[in-house]
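In: model the structure of this input:
(one chain, ligands or ions: 2)
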Amino acid sequence: MPDKQPYIGRFAPSPTGPLHIGSLYTALASFLQARSRQGLWLLRIDDLDTPRNIKGSGDSILKTLETFGLHWDGRVAYQSQTLDVYHEILDKLANDKLIYPCTCSRKTLTSVYSGICRNKQTLPDSPYSLRIKTDNRFIAFNDRLQGLMSQNLADNGDFILKRKDRIIAYQFAVVIDDDRQHINHVVRGYDLLDSTPRQIYLQQLLGLFTPDYMHVPVIIDEQGYKLSKQTRATAVDLKKPHAVIFELLNLLKQNPPGELQHAPLTELLSWSIENWNPNRLKNCRAISRLG
Ligand code: GLU
Ligand code: ZN
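Out: Numbers count the residues shown, from 1 in each chain. Ligands and ions are numbered 1, 2, ... in the order given. All right, here's what the predicted structure looks like:
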């Protein structure tokens, strides 16, 4: 009876800069989905990619969420605090011969890895990544907004669980941590839809639960690019949380009534929880900020 289980969702930003409107959009969708189902909304800082981390941005993200009234449950989790767990599981996968070291450099590789290091018998002397063996199989899942998705694992080849620079790869870490936090509903940006089959494959291999997925559209700029730190999206304006949430609700197609434009933030958020209807975002991949 999966419906009787309490909803446990999460928001998992990377501390690579302050929250911009695109990430706050995802945070709000994930928050509303959890709160409208009387669920828990956990917060995890995905801080494994140390070269990309920006000092202080984890704290600034927390502060921004608080300012916007998006209060989370329990203590904040940090991926950097579970490093031994990933390594334990990697050891197990190595024992089962499911992962192998790869020394190939990005330059020598074509877009899909051919698996040429698969049969290496000894650990290389030079830096290596750890790849998981994949095969030619379709992984399908039913996304809450995007519908039935199916992908052949071979499209991505043997993917990396631990990078050459010894950093645990996103695809692997996210699966372990979602499981550790008992997440049963993942709401995140459309840009991660394509990663989901790889994550489900790892869940199946490790005997872990597969959460429900809901990929919300990403916010794009006038040029059609996803707002991101790379496109230098600016931090959200902390001085006008109410106006920002109001705009985000429109971008989430929730059409808040005009009289709420000047209501207190808590009232706007209660209205949004009560009236939250994600179906309006069905099959939508991107939303332009300018309408
Ligand atoms: N930390 C990832 C990011 O910043 C999101 C992880 C996820 O939602 O699966 O994009
Ligand atoms: Zn290789």
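In: residue contacts, the closest residue to ligand 1 within the stretch 51-200 of the chain?
Out: Ranking the residues of the stretch 51-200 of the chain by distance to ligand 1 (Cβ to the nearest ligand atom) places Arg188 first, at 3.7 Å. Just so you know, the C-beta spots here come from the backbone N, C-alpha and C atoms, and that holds for glycine as well. Counting by Cβ atoms under 8 Å, 6 or more residues apart in numbering, Arg188 touches 12, 26, 30, 213-216.
In: try it again with 7 Å
Out: 26, 215 (Cβ atoms under 7 Å, 6 or more residues apart in numbering).
In: am I right that it is in a strand?
Out: Yes: using DSSP: H, G, I helix; E, B strand; the rest coil, the assignment for Arg188 is a strand.
In: return the distance of it relative to Pro51.
Out: Distance, Arg188 to Pro51, using Cβ to Cβ, to the nearest Å: 22 Å.
In: what number of residues lie near Asn136?
Out: 8 (other Cβ atoms under 10 Å).
In: tell me the bridge partners for the residue of the stretch 51-200 of the chain closest to ligand 1.
Out: Beta bridges link Arg188 to His215 when assigned by DSSP bridges.
In: please report how far it lies from ligand 2.
Out: 30 Å (Cβ to the ion, to the nearest Å).
In: quick one: secondary structure of Met149?
Out: Look at Met149: counting by three-state DSSP, its state is strand.
In: so it sits right up against Tyr190, yeah?
Out: No: the criterion here is Cβ atoms under 7 Å, and Met149 misses it with Tyr190 at 11.2 Å.
In: these two: which has the busier surroundings?
Out: Between Met149 and Tyr190, Tyr190 has the larger neighbour count (other Cβ under 10 Å), namely 20 against 17.
In: can you tell me how far that one is from Gln146?
Out: For Tyr190, the distance to Gln146 - Cβ to Cβ - is 7 Å.
In: who touches both of the two?
Out: Common neighbours of Tyr190 and Gln146 (Cβ under 7 Å, 6+ apart) are His215.
In: and Gln79, how far is that from Leu268?
Out: Taking Cβ to Cβ, one finds Gln79 at 32 Å from Leu268.
In: quick check: beta-bridge partners of the closest residue to Ala169 other than its chain neighbours?
Out: Leaving aside its sequence neighbours, Ala169 sits nearest to Ile160 (Cβ to Cβ, 6 or more residues apart in numbering; 4.9 Å). Note on Ile160: beta-bridge partners Arg131, judged by DSSP bridges.
In: buried ones in stretch 284-291, by neighbour count?
Out: 284-285, 287 (16 or more other Cβ atoms under 10 Å).
In: now render these as TSV, adding distance to Asp59.
Out: TSV is the format used below for the buried residues of stretch 284-291 (distance: Cβ to Cβ, whole Å):
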residue	distance to Asp59
Cys284	32
Arg285	32
Ile287	29
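In: of all those residues, which comes closest to ligand 2?
Out: Among those, Arg285 lies closest to ligand 2 (Cβ to the ion), at 32.9 Å.
In: that closest one contacts Pro217, correct?
Out: Yes: using Cβ under 7 Å, Arg285 makes contact with Pro217 at a distance of 5.5 Å.
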